[in-house]
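A.B. asks: Need a 3D model of the sequence below.
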Amino acid sequence: MPQRRSHVAPSAAQSELAAALVALREGLDAPTEFSPEALAEAETASAPMPDLDLREVPFVTLDPPGSRDLDQALHLERRGSGYLVRYAIADVPGFVRPGGAMDLAARERGQTLYAADGSIPLHPRALSEDRASLLAGVERPALVWTFDLDAAGTLERFRLERALVRSRAQLEYASAQASLDRGEDSPLALLPEIGRLRQEQEQQRGGASLNLPDEEVVQLEDGSYAIERRRPLPVEDWNAQLSLLTGMAAASLMIDARVGILRTMPQPDDRAFATFRHQTAALGRPWTSGTYGEYLHALDRTDPMTLPVLEAAASLFRGAGYVVFDGDVPAEQTQAAIAAPYAHATAPLRRLVDRWSLSICLAISTDSDIPQWARESLPELPGLMQASGQRASRLDNDTINRVEAALLTPLVGQTLPAAVVEMRGADRARIQIADPAVTATAPVRAGTKPGDTVHLVLTGAEIATGALEFTDAAA
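C.D. replies: Reported below is the predicted structural model:
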């Protein structure tokens, strides 16, 4: 799939950008260092030794290149006319002592933050990138979900248990996709088949989980920065279906036991759907029939107009949050984009809430008492996760804004063509500049519609804040 890089060449702008990114990271309202006590815990932490030994099962991991915090490993096999899916998750609940220094540090953070010059991890790296990580060739305790799917990919039964595992290989997306495309023998040979079946299941539910193109700031070997934009590979979409399968199973366990935490999102209202229909018509790709999930799944991912359609669709899915319960099951249980109850339960090395979901689900699945620490602290989680989500979003947006300002600095005073992605009121719009690839908000003439091309004069680009200023060239 296509990848595009917009590069800030080494210059005075590059030096100013480097200083701006350092200031951004230092200004985060979150701790960036761990206490000596937390670091010491990470160096010595150990999880319970499982009774179940699955070291002979050839698990593999599938992640971006260079990843060290490996939360999941998978194994797929055919069983009769159906499939057996094993999904091993790093046993973070076994390694992190409730009330200990690592636990308290993780609650302060909420999730791993990804900055332009490196990550700010949820747990000390000795744990998240070594002792608990499902690295290839080493034995690790894990929480293993086992799913039985029928020939249509429908979930028939599942279980969760602690087991000792050993990943055989650390695979990365691009090479895994290339291997599958060439038809080579691969431990992921069944992933396209299972992934597509699960996508069909999603469509039948009315779901439309979106996998938007990635936009990421990267630091190059010469110390300069670039923005990389690429469309997710099919293997990433298929792999995401396994995570969704796990999250739905976790939600069903907790709902049946009447205790847990769900990731919810309200269904878009009629007004939101009407606005989206108008946007798709304006973009020349009208939604005229079927559910919105069927419409989105049918879009041609190679069509340049698909991106603005998907970004418009993303505005349908707002208001995501966490709902905790202990005794009374919440009336609102569904995550609208997935069209099913759902819980975060696959990334405990990088996201705080998953440790609670996994601890509760393991107790339910093994007929054990739900840990008291988990029950008592459930009410704190939505606030902790909301705060960390806001920090992560702010860091991502502010980083990209500063790099985009550096990209555009040499073009101040020039007239630039841009495509209108979304209107923001009557006379402002979210716009996409093609070269360099930059998104921004700019003034536009009344009557402008999504999909229109506008011509804007870049009047200012402030690297320190990421602010861009435009005027309408026709004004």
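A.B. asks: Okay, strands next: where are they in the stretch 351-475 of the chain?
C.D. replies: Here the stretch 351-475 of the chain has its strands, by DSSP state E, counting those that start in this stretch, at 415-423, 428-433, 438-443, 453-462, 467-472.
A.B. asks: now swap in the stretch 151-300 of the chain and tell me
C.D. replies: 155-166, 169-172, 214-219, 225-230, 259-264.
A.B. asks: most packed of the ones you listed?
C.D. replies: strand 259-264 (a mean of 24; mean count of other C-beta atoms under 10 Å). C-beta: built from backbone N, CA, C; applies to glycine.
A.B. asks: Let me see the contact set for residue 405.
C.D. replies: Neighbouring residues of residue 405 by C-beta atoms under 8 Å, 6 or more residues apart in numbering: 461-463, 465-468.
A.B. asks: Could you rerun that using 10 Å?
C.D. replies: Contacts for residue 405 (C-beta atoms under 10 Å, 6 or more residues apart in numbering) come out as 8, 13, 16-17, 20, 438, 440, 460-468.
A.B. asks: can you give me the helices for the protein?
C.D. replies: Along the chain, counting by DSSP state H, helices occupy 12-26, 36-44, 92-95, 101-109, 125-126, 173-181, 191-205, 234-257, 270-282, 292-297, 306-314, 353-365, 372-377, 381-408.
A.B. asks: Just send those helices back as TSV, with distance to residue 162 and mean pLDDT too.
C.D. replies: Conversion of these to TSV gives the following (distance: least, C-beta to C-beta, whole Å; pLDDT from 0 to 100):
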stretch	distance to residue 162	mean pLDDT
helix 12-26	37	84
helix 36-44	20	97
helix 92-95	7	98
helix 101-109	19	97
helix 125-126	22	97
helix 173-181	28	96
helix 191-205	24	94
helix 234-257	15	97
helix 270-282	43	82
helix 292-297	36	80
helix 306-314	37	76
helix 353-365	7	98
helix 372-377	16	97
helix 381-408	23	92
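A.B. asks: Kindly reformat the ones you listed as CSV containing distance to residue 60.
C.D. replies: CSV is the format used below for the helices of the chain (distance: least, C-beta to C-beta, whole Å):
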stretch, distance to residue 60
helix 12-26, 34
helix 36-44, 26
helix 92-95, 20
helix 101-109, 27
helix 125-126, 23
helix 173-181, 9
helix 191-205, 10
helix 234-257, 11
helix 270-282, 39
helix 292-297, 27
helix 306-314, 30
helix 353-365, 21
helix 372-377, 30
helix 381-408, 28
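A.B. asks: how much space between residue 137 and residue 205?
C.D. replies: Residue 137 sits 38 Å away from residue 205, going by C-beta to C-beta, to the nearest Å.
A.B. asks: Looking at the two, which is more packed in?
C.D. replies: Under the criterion of other C-beta atoms under 10 Å, the comparison of residue 137 against residue 205 puts residue 205 first, with 15 against 9.
A.B. asks: The more buried one - nearest residue in space that isn't next to it in sequence?
C.D. replies: Of all residues not flanking residue 205 in the chain, residue 339 sits nearest, at 4.1 Å (C-beta to C-beta, 6 or more residues apart in numbering).
A.B. asks: what does residue 410 give?
C.D. replies: residue 13 (7.5 Å).
A.B. asks: and the one you found, how many neighbours?
C.D. replies: Residue 13, neighbours per other C-beta under 10 Å, totals 18.
A.B. asks: try residue 86
C.D. replies: Count around residue 86 with other C-beta under 10 Å applied: 20.
A.B. asks: Could you pull up the residues touching the closest residue to residue 311 other than its chain neighbours?
C.D. replies: Nearest residue to residue 311, sequence neighbours excluded (C-beta to C-beta, 6+ apart): residue 421, at 5.7 Å. Contact partners of residue 421, counting by C-beta under 10 Å, 6+ apart, are 279, 283, 307-309, 311-312, 429-432, 439, 450-451.
A.B. asks: any chance of the residues you listed in TSV, with neighbour count too?
C.D. replies: As requested, these are exported to TSV (neighbours: other C-beta atoms under 10 Å):
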residue	neighbour count
279	24
283	22
307	19
308	23
309	23
311	19
312	22
429	26
430	19
431	26
432	17
439	19
450	23
451	19
